[in-house]
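[1] structure of the sequence below:
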Amino acid sequence: MKQPKILINALVLVACDLAAMGAAFLATYAVRVRLPYFIPIQPLAEYIAPVLVLMGISVAIFLLQGLYRDVRDLSMLEEYAKIIKSLTYAFLFALALTFFLKLYERSRVLVVMFWATSVLFLLAARFAYYRILRRLRARGWDPMGVVVVGSDKKIKAVCQMLRQYAVLGYHVVSTIVLPQGVSPRSPRWLRRLEKDVFVRYLRREIQGVIVSDTVKNYQHVLEVNELFEEHQIPHRSVTEAFDLIGLQTSATEGLEGLLGQLDEGQIGGGYKVFKRFVDEVIAPTVLLLTAPVWLAVIALIKLDSRGPIFFRQERVGYHGRKFSIYKFRSMHVHAPKYAKTPRGKNDPRITRIGRWLRSTSLDELPQLINVIKGDMSLVGPRPEMPFLVEKYKPIYRYRLLVLPGLTGLWQVSGRTDKPLEENIKYDLYYIKKQSFLLDMVILLRTIPVVLFGRGAY
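    Coordinates of the predicted model:
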């Protein structure tokens, strides 16, 4: 029964979006024809076909951006930001199409007004749709069965939150307390997961899993998530119950030292959405502007030593997710892939061109691809290799609460000249104090650090 309901919800949303855009165009056209300071525009009938094409393009981009998925959050900031971004892409694509087809006579003022009006109408339509949907879910319509996995304390917090916010429509079918000191892949726990998760998912008794545990139990959380991925079961990891609804809270465990009462819920949703938007604008722009540098570096690497141009290495990122980081190769091919980072300029592993690349940080330029993919952000803690993360002290694992960055606070404060312990303190300070202003300061301070190669080997 669940799949038909998801399809119905998606179709209703498509209809709402099309109706909102249609109404937006009619309203825009009615205003535009009455503006006294612009030349008259073509009759309404001449715009019907282009507008229908634009609406089709918009729906296709919305689909690619996941805007027709089953949403169960109270905070819709990310959803609204995606709508604005996707609609902008659709209009830019449509403008490029009109230029290619030489349809210059269409009113550009009308197009800009239509974009702004569409944003307002679509956001209003979505807001109304989700308000109605939440009221229906609060009355028991369209429940989503889930299994909550984690520590006993976190499970209770999640269940209490889901009962408090019945409008989300979650129904806790079962709970599983994660083992302490025993791998989730052990036969006993695999049997428990088989019974309460895998079989129930195949029978459609549940539609997903919520994993909630402390960062201290990071290794078990990671293993459980890997098991769910292997069995293709939808799952969501949260560090606090409040992550489920996008609210902020200061209720955390007692933490030692620097972090005080930090938890991921205190990192504002609006800030995270805006930061991602900035990443998606700046990273592709820098990549295009530095294209000649890429070509020069590629040629120098091939002339200097044998081996591939790019170096790939597995790193640990947000919430313990592993990803491949990209760099220009700066070492000889026989160098161990996961050896410790060089601490001097005369390390024999580094090639001649590699020394220059590392001193100027040009070897890290391909990480713009990681930023575009969403594995990394422009600013954040550096992603570490898996074997180093496994040795983390519990408090160090709070670095995994945010996306890793291309640059960060410790990189602009001395970089590898400082001991690892000191660098991690800078990362934890950034996580606690992060803001858009701090990100801009770090990006600006990165420029002289890169130009003068301070602390880079």
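[2] neighbours around residue 432, how many?
    15 (other C-beta atoms under 10 Å). C-beta here means a position set from N, CA and C on the backbone, and glycine is covered the same way.
[3] ugh, wrong one, residue 153
    13.
[4] quick check: buried residues in the helix or strand hosting residue 314?
    Using DSSP states H and E, residue 314 sits within strand 310-316. Using 16 or more other C-beta atoms under 10 Å as the test for burial, strand 310-316 gives 311, 315-316.
[5] roughly how far out does that strand sit from the chain middle?
    19 Å (C-alpha atoms, centre = their mean, to the nearest Å).
[6] following element in sequence after it, please.
    strand 322-328.
[7] immediately after that next one, which helix or strand?
    Following strand 322-328 in sequence, per DSSP H and E, is helix 352-360.
[8] next, residue 148: secondary structure please.
    strand (DSSP: H, G, I helix; E, B strand; the rest coil).
[9] now for it: which residues touch it?
    Neighbour list for residue 148: 155, 158-159, 172, 174-176, 209-210, 212 [criterion: C-beta atoms under 8 Å, 6 or more residues apart in numbering].
[10] need these in a markdown table with secondary structure and neighbour count, can you?
    Output for the contacts of residue 148, formatted as a markdown table (DSSP: H, G, I helix; E, B strand; the rest coil; neighbours: other C-beta atoms under 10 Å):
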| residue | secondary structure | neighbour count |
| --- | --- | --- |
| 155 | helix | 21 |
| 158 | helix | 26 |
| 159 | helix | 17 |
| 172 | strand | 16 |
| 174 | strand | 17 |
| 175 | strand | 17 |
| 176 | strand | 20 |
| 209 | strand | 25 |
| 210 | strand | 24 |
| 212 | strand | 26 |
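[11] let's have these in TSV, adding distance to residue 360 and pLDDT.
    Formatted as TSV, these follow (distance: C-beta to C-beta, whole Å; pLDDT from 0 to 100):
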residue	distance to residue 360	pLDDT
155	50	88
158	47	86
159	53	89
172	53	93
174	55	92
175	53	93
176	50	90
209	45	91
210	45	90
212	43	82
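[12] shaky segments in this structure?
    1-4, 38, 74-75, 77, 101-107, 214-219, 239-269, 342-345, 413-422, 451-457 (pLDDT under 70).
[13] tell me which residue is most central in it.
    Closest to where the C-alpha atoms of the chain average out (C-alpha atoms, centre = their mean) is residue 374, at 5.2 Å.
[14] who touches that one in this structure?
    Contacts of residue 374 (C-beta under 8 Å, 6+ apart): 276, 403.
[15] angles on the backbone of it, please.
    With angles defined as degrees, to the nearest 10, residue 374 shows backbone torsions of phi 100, psi 0.
[16] got it, and residue 59?
    Taking degrees, to the nearest 10 as the convention, residue 59 sits at phi -60, psi -40.
[17] count the neighbours of it for me.
    19.
[18] over to residue 150?
    Each residue near residue 150 was counted by other C-beta under 10 Å, and the total is 27.
[19] if we can go back for a sec, packing partners for the strand holding residue 314?
    strand 322-328, helix 386-389 (3 or more C-beta pairs under 8 Å, 6 or more residues apart in numbering; DSSP states H and E).
[20] before we move on, the earlier item: relative to residue 293, how far out is the residue nearest to the centre of the chain?
    24 Å (C-beta to C-beta, to the nearest Å).
[21] just residue 436 next, same as before
    28 Å.
[22] residue boundaries of the helices in the stretch 1-150 of the chain?
    2-32, 45-64, 77-100, 108-138 (DSSP state H, counting those that start in this stretch).
[23] same deal with the stretch 201-350 of the chain?
    Going by DSSP H, counting those that start in this stretch, the stretch 201-350 of the chain shows helices at 218-230, 269-289, 291-304.
[24] packing partners of the first one?
    To tie it back to what came earlier, the one meant is helix 218-230. Counting by 3+ C-beta pairs under 8 Å, 6+ apart, helix 218-230 packs on strand 208-212, strand 235-238.
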